[in-house]
Structure formats: C-alpha cells, structure tokens
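Peer 1: sharing a model that was predicted from the sequence below.
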Amino acid sequence: MSALRLGTRRSHLAMTQSGHVADALRALGHEVELVEIVTEGDTNRAPLTQIGGTGVFAAALREALLQGEVDLAVHSLKDLPAAGHPGLTVAGIPRREDPRDALVARDGLTLGELPPGSSIGTGSPRRVAALNALGLGFEVRPLRGNVDSRLARVSDGELDAIILACSGLRRIGRQDRITEAIDPLQMLSAPGQGALAIEVRADDRRMIDIVGALDDADTRAAVTAERAVLLGLKAGCSAPVGALAEVVEDVDGSLEISLRAFVGAPDGSDDLRRSITGPFDKAEQLGLDLAHMLLEDGADRIIADAGGDDAVAGSVRAGTGEEHRQKTQAQHHGAHEIVADASEPPPGRPTNAGSAGGPEVRTTNTDAMERDK
Ligand SMILES: NCc1[nH]cc(CCC(=O)O)c1CC(=O)O
C-alpha cells in the first residue's frame with residue numbers, strides 16, 4: 001500500500017499538529033508522507049479580515065485534497081468554515097487540547113493585574129470584543145505574524161501583553177510563556193479552538209475508515225455544538241463569537257453537553273452571553289437553539305456592527321481552481337524531515353475549565369453574572 005499523503009501548512013504550529021496526526025497514524029501501522037501546502041494566509045501579512053478571514057488557511061488545503069494531491073489534510077478546527085465543503089468530510093476529530101485563550105503578559109501579570117491603559121495585542125475580533133467587554137480600559141492593538149514574532153512583541157517591551165490560544169502555545173512547546181490561562185467567564189474561546197479536524201474526500205471510504213480511528217466522540221460532540229452556534233448565527237469563523245461546550249454527567253448519570261456562547265461588538269459597545277444544556281446526542285440542535293436565543297436578543301445587530309465577516313468567508317469558499325494554482329505550491333517531503341516535539345504530551349483530556357450552571361438548569365442567562373467579572 002502506498003504512503004498516505006498528509007497535506008499540511010508550513011508554519012511551526014501546523015507542522016507540529018500534522019506531525020502528531022502522522023505519528024498517530026504510524027502507530028496504527030500506516031505509512032505517512034507530509035506534503036507542504038503554502039496558503040495565502042501564510043504569505044500575506046495583511047489583517048486576516050482583509051484577505052478573506054481565517055478561511056484562507058483552509059481553502060488551499062481543501063483544493064489540494066479535491067485535486068487528489070493529498071489524501072488527508074489536518075486543519076485547526078477553528079479555522080475551518082463551519083458550513084463544510086461538498087466533496088469533503090471531516091473524518092477524524094482527535095481529543096482536543098485546552099480550549100482556553102492564553103494571556104502572555106510582561107512581568108508574569110494576569111488580566112486582572114494589568115493596569116488600565118495597558119497595550120494588548122490581538123488580531124481576533126472575538127478577543128478584541130471580549131477584552132473591551134471586560135471594561136478594564138485596555139488599549140487593544142492589532143497583531144499578526146507567526147507565534148514566535150508575536151511573543152517577541154512582549155519580550156521586546158513593545159506590548160504589555162498578547163492573547164494566543166493555550167493549545168497553540170503548548171503544541172509548539174511555548175506554554176512557559178503563558179502568564180494566565182484566561183477563565184472562560186472572562187473570554188470564551190473560539191468555536192472549535194484547541195481541536196484538530198482531519199479532512200478527507202467524501203468518497204474515499206478507505207481514508208474515512210483509517211482516519212475515523214483517531215476520532216474522539218466527546219470532542220466531536222463539543223465542537224459540533226460550538227460550530228452550530230456559528231451556523232445558526234450565519235457568522236463566519238472570524239466573527240466576534242465565542243462558544244465553549246463541555247461534556248458533563250447529569251445527576252442520573254446520563255451524558256449532557258453544557259454550551260456557552262458570547263457575541264460582542266469589537267468596540268465594546270455591546271455584548272451578549274447565553275448558555276444552554278442538553279442531551280449529548282443533540283449537539284448540533286443545541287448549538288442552533290443557543291444561536292436562536294442569541295438572535296432573539298439582538299446578536300445579529302452586534303455581528304453586523306462588527307463588519308459582516310460572512311461575506312468575506314463566502315468569497316473564499318467560492319475560490320476557483322485558477323486562483324488555487326496561483327495561491328498554492330505543493331512540495332513533497334519525506335516524513336523524516338518532520339522533527340517531532342518531544343516536549344509535547346499526547347492529546348489529553350480537555351481541561352474542565354469551569355462548567356456553566358448545574359445540569360438541572362436547562363438554560364441560563366449569565367449576562368448579569370458575567371458582567372461583574
Ligand atoms: N487563528 C489562528 C490559529 N488557528 C489555530 C490556532 C491554534 C489554536 C487552536 O489549535 O485552535 C491559532 C493561533 C491562535 O489562535 O492563537
């Protein structure tokens with residue numbers, strides 16, 4: 001049997017994530033070859049909201065899959081448009097890392113310890129909205145570039161702090177730079193944050209079976225609920241929307257999903273938080289129901305004020321093959337060139353970072369409670 005060709009972006013983070021999936025497949029007895037795909041998001045330093053949202057990272061990998069250049073592609077699940085792609089299927093979602101956002105601040109400070117006027121770098125409208133909703137008087141500054149150059153902005157004294165995902169920092173062995181794993185009550189992570197999505201062609205039975213062995217049912221249920229919030233809001237993956245689901249046991253021992261969501265205007269003028277709990281096997285419906293609650297309370301107005309992310313995400317999905325050839329170059333490399341990060345633990349249980357409400361509470365308006373934080 002020929003080697004499985006795994007398409008990956010070339011960044012340190014993407015290579016590490018792909019390396020883990022490759023290792024997991026090799027442990028099951030498969031031969032795996034990594035194929036590097038260069039995406040526009042990697043080469044263009046303009047703000048993501050100007051070059052087509054986070055969907056730019058996924059679009060090139062998906063094209064390579066559809067063209068048959070690779071057999072599987074590893075994405076950060078949160079960068080994958082929630083709508084799915086005809087012809088492709090997410091066959092594996094491994095157990096996710098810590099979904100929380102990370103503060104990397106000068107002098108080991110936490111959010112609560114940073115004085116008013118502190119400069120905090122982030123390029124994510126969701127993180128901007130959450131920071132401004134805290135009302136702590138921070139000066140939020142735009143931030144892009146690879147993780148190491150972002151971290152340098154703090155060590156160089158240019159910024160007081162930056163926000164990144166805990167999972168990304170952990171994957172590349174920089175978790176020592178985290179000064180606070182931000183409580184979800186203060187900042188709700190992006191739908192799917194910390195999870196990987198392994199995509200294959202929808203008609204490729206063999207790959208669906210192979211990759212299915214890496215799937216984690218709890219993670220799949222949680223991210224399905226989180227992404228359904230985006231679907232229900234008709235929002236793109238760079239919209240100012242946070243969602244976090246946790247699998248919890250009900251008093252009678254049955255599995256439930258506890259889902260929280262946040263929608264905020266990046267200028268801090270308005271924000272909404274809602275939560276809901278429901279059966280494990282109704283993950284998608286739960287997310288859609290929560291989106292409905294948010295819409296009833298004006299979420300669409302808040303998202304529209306943030307600049308209509310959905311239109312941009314749509315234009316990426318509609319990309320033609322011609323654009324693809326201009327945007328991507330596939331480079332074949334032997335798997336031996338991938339240096340595994342020995343400090344990286346295998347995917348563990350996600351941290352249970354404070355669950356929302358008791359299981360007996362079906363829906364909760366957490367607005368007032370969280371405003372005090
Ligand atoms: N938008 C960029 C991006 N996409 C995935 C991750 C890593 C986090 C993850 O695994 O979800 C990051 C970096 C970040 O948010 O700090």
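Peer 2: It's in. Note that this is a predicted model, so its numbers are computed, not measured.

Peer 1: which residue packs closest to G242, ignoring adjacent ones?
Peer 2: Using Cβ to Cβ, 6 or more residues apart in numbering and skipping residues adjacent in sequence, the residue nearest G242 is L188, 3.1 Å away. Just so you know, the C-beta spots here come from the backbone N, C-alpha and C atoms, and that holds for glycine as well.

Peer 1: wouldn't H30 be in contact with I210 here?
Peer 2: Yes. At 6.4 Å, H30 counts as touching I210 under the criterion of Cβ atoms under 8 Å.

Peer 1: what is in contact with the two at once?
Peer 2: L4 (Cβ atoms under 8 Å, 6 or more residues apart in numbering).

Peer 1: which one's more surrounded, those two?
Peer 2: Neighbour count, other Cβ atoms under 10 Å: between H30 and I210, I210 has more, with 21 against 16.

Peer 1: after the helix or strand hosting the more buried one, next one along is what?
Peer 2: According to DSSP states H and E, I210 maps onto helix 205-212. Helices and strands here follow DSSP H and E; after helix 205-212, the next one along the chain is helix 217-233.

Peer 1: buried ones in that following helix?
Peer 2: Residues 218-233 are the ones in helix 217-233 that count as buried (16 or more other Cβ atoms under 10 Å).

Peer 1: now swap in stretch 250-267 and tell me
Peer 2: 256-266.

Peer 1: run the chain-centre distance for it.
Peer 2: 16 Å (Cα atoms, centre = their mean, to the nearest Å).

Peer 1: what about it, how long is it end to end?
Peer 2: With Cα to Cα, to the nearest Å as the measure, the ends of stretch 250-267 fall 38 Å from one another.

Peer 1: now that stretch: mean pLDDT?
Peer 2: Averaging pLDDT along stretch 250-267 gives 95.

Peer 1: list the contacts for P191?
Peer 2: 78, 82, 223, 226-227, 229-230, 237, 241-243.

Peer 1: ugh, typo on my part, it should be D148
Peer 2: 12, 174.

Peer 1: just to revisit the earlier point, of the buried residues of stretch 250-267, which fall within the contact range of the ligand?
Peer 2: Here nothing survives when the buried residues of stretch 250-267 are matched to the ligand using Cβ under 6 Å from any ligand atom.

Peer 1: nearest to the ligand, of the contacts of P191?
Peer 2: Nearest to the ligand, judged by Cβ to the nearest ligand atom, of the contacts of P191 is K78 at 4.6 Å.

Peer 1: count of neighbours near the closest one?
Peer 2: Residues within reach of K78, counting by other Cβ under 10 Å, total 26.

Peer 1: now do the SS call for it.
Peer 2: helix (DSSP: H, G, I helix; E, B strand; the rest coil).

Peer 1: quick one: is stretch 167-176 near the ligand?
Peer 2: Yes. Counting by Cβ under 6 Å from any ligand atom, the ligand has neighbours in stretch 167-176: 167-168.

Peer 1: I303 touches G264, doesn't it?
Peer 2: No. Taking contacts as Cβ under 8 Å, I303 lies outside contact range of G264: 9.4 Å.

Peer 1: between those two, what contacts are shared?
Peer 2: The contact sets of I303 and G264 overlap at P240 (Cβ under 8 Å, 6+ apart).

Peer 1: tell me the helices and strands packed up against the helix holding I210.
Peer 2: Helices and strands touching helix 205-212, by 3 or more Cβ pairs under 8 Å, 6 or more residues apart in numbering; DSSP states H and E, are strand 88-92, strand 196-201.

Peer 1: one step back: which of the buried residues of stretch 250-267 fall in helices?
Peer 2: Counting by DSSP state H, the buried residues of stretch 250-267 place none of their members in helices.

Peer 1: closest to A91 among these?
Peer 2: Distance to A91 across the buried residues of stretch 250-267 (Cβ to Cβ) is lowest for I257, with 21.6 Å.

Peer 1: what sits against that closest one?
Peer 2: 221-222, 225, 245-248, 277-280, 282-283, 286.

Peer 1: which residues does the residue of the stretch 1-150 of the chain found nearest the ligand contact?
Peer 2: Closest to the ligand within the stretch 1-150 of the chain is S76: 3.3 Å, counting by Cβ to the nearest ligand atom. Neighbouring residues of S76 by Cβ under 8 Å, 6+ apart: 13-14, 17, 57, 168, 192, 195-197.
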